[in-house]
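Undergrad: could you work out the structure for the sequence below:
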Amino acid sequence: MRNLPTVTRYLLIANLIVFLLAAVLQRSGINLNFLCGLHYLTAPTFHWWQPLTYMFLHADFGHIFCNMFAVWMFGPVIEQQWGERRFLVYYLVCGLGAALVQECVWALMLSNMSGTYDAASLAYYASMMNTIGASGAVFGILFAFGWLFPDVPMFLLFVPIPIRARTFVIFYALLELMAGLGSVTGLTPDHVAHFAHLGGLFFGWLLILYWRRVNWREPRIGEWWNQLKNLFRRHQRLDSSKEADQDKYHYQKRV
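TA: This is a model prediction of the structure:
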């Protein structure tokens with residue numbers, strides 16, 4: 001852990017702590033996964049913090065192991081390439097983008113069900129919708145790795161044939177798309193938010209394109225502080241000049 005870059009290390013620690021905390025609270029009757037997992041936007045169970053907190057929650061050990069293994073494997077390379085702040089922004093944006101896509105998928109599902117179920121049943125179904133996991137952010141990391149190192153050879157489990165990183169990402173995305181379509185249509189139903197995974201990948205792609213256009217330069221805390229102080233001083237000068245003009249006006253009026 002000491003050899004890992006800062007953001008990658010703290011992401012692993014944060015996810016592990018939240019996973020253990022959820023297990024402890026579960027014994028006390030508090031379902032942290034339901035309280036802080038992502039719910040449908042109009043449901044009474046939705047809260048403003050859920051689009052952020054859901055990506056630090058996991059259902060079981062296998063779930064958190066797969067996601068954190070991917071963060072541990074690909075995160076350090078990307079963080080060293082981009083820097084700490086840029087990598088953290090990318091990770092969070094991919095997770096938030098995955099949440100947004102999942103909300104849209106839920107809206108389409110409820111819209112299709114509106115002709116079959118009554119309003120009370122739809123409201124109950126919407127309140128029970130819940131998604132947890134860092135998979136959306138992880139898919140963004142996978143896409144970033146394939147974008148930055150497209151020709152790096154990768155090996156799939158039980159398949160000892162090297163596959164280029166770009167090919168691996170495209171193949172994985174197509175699998176997720178087919179699985180998502182099968183889940184939504186009911187052909188191959190499961191409890192995996194496949195379109196949220198694709199949403200993390202898609203928003204990661206959009207963010208990379210935006211950074212290429214604006215030529216990202218990692219800001220420093222000192223630069224932010226100096227800009228804030230200059231802005232405050234500018235407002236002070238404007239206020240003092242207004243007060244001086246008002247005093248001059250009142251003095252002329254008295255004379």
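Undergrad: hey, where'd the helices end up in this protein?
TA: Counting by DSSP state H, the chain has these helices, from start to end: 6-27, 32-36, 50-53, 61-82, 84-113, 119-128, 135-148, 165-185, 194-214, 221-254.
Undergrad: got any ranges where the stretch 51-200 of the chain has weak pLDDT?
TA: 157-159 (pLDDT under 70).
Undergrad: tell me the domain ranges of this protein?
TA: 6-214, 222-255 (automatic domain parsing).
Undergrad: burial check on Gly115, number of neighbours?
TA: 6 (other Cβ atoms under 10 Å). Every C-beta, even on glycine, is put in place using the N, C-alpha and C of the backbone.
Undergrad: and what of Ser111?
TA: 10.
Undergrad: separation between it and Thr131?
TA: Applying Cβ to Cβ, to the nearest Å, the value for Ser111 to Thr131 is 18 Å.
Undergrad: next up, the contacts around Asn6.
TA: For residue 6 the amino acid is Thr, not Asn. Glu79, Glu84 (Cβ atoms under 8 Å, 6 or more residues apart in numbering).
Undergrad: for it, give me the pLDDT.
TA: pLDDT for Thr6: 93.
Undergrad: which residues touch Phe155?
TA: Contacts of Phe155 were listed using Cβ under 8 Å, 6+ apart, and they are Ile161, Pro162, Ile163.
Undergrad: quick one: which of those is most hemmed in?
TA: Ranking the contacts of Phe155 using other Cβ under 10 Å puts Ile163 first, with 15 neighbours.
Undergrad: measure that one to Gln50 for me?
TA: 36 Å.
Undergrad: now swap in Leu38 and tell me
TA: 5 Å.
Undergrad: more neighbours: which of those two?
TA: Leu38 (28 against 21).
Undergrad: which residues touch the more buried one?
TA: Gln50, Pro51, Tyr54, Ala99, Gln102, Glu103, Asn130, Thr131, Ile132.
Undergrad: okay, now the residue nearest to Leu142 when sequence neighbours are not counted: neighbour count?
TA: Using Cβ to Cβ, 6 or more residues apart in numbering and skipping residues adjacent in sequence, the residue nearest Leu142 is Val169, 5.7 Å away. Per other Cβ under 10 Å, the neighbour tally for Val169 reads 21.
Undergrad: ditto for Arg86
TA: If we define neighbours as other Cβ under 10 Å, then Arg86 has 19 of them.
Undergrad: quick one: it from Val7, how far?
TA: For Arg86, the distance to Val7 - Cβ to Cβ - is 9 Å.
Undergrad: Leu32 too?
TA: Leu32 sits 23 Å away from Val7, going by Cβ to Cβ.
Undergrad: just want the most central residue of this structure.
TA: In the chain, the centroid-proximal residue (Cα atoms, centre = their mean) is Gly95; its distance is 1.4 Å.
Undergrad: might one say that that one is in contact with Gly136?
TA: Yes: using Cβ atoms under 8 Å, Gly95 makes contact with Gly136 at a distance of 5.2 Å.
Undergrad: anything in contact with each of those two?
TA: Residues touching both Gly95 and Gly136 by Cβ under 8 Å, 6+ apart: Met55, Gly200.
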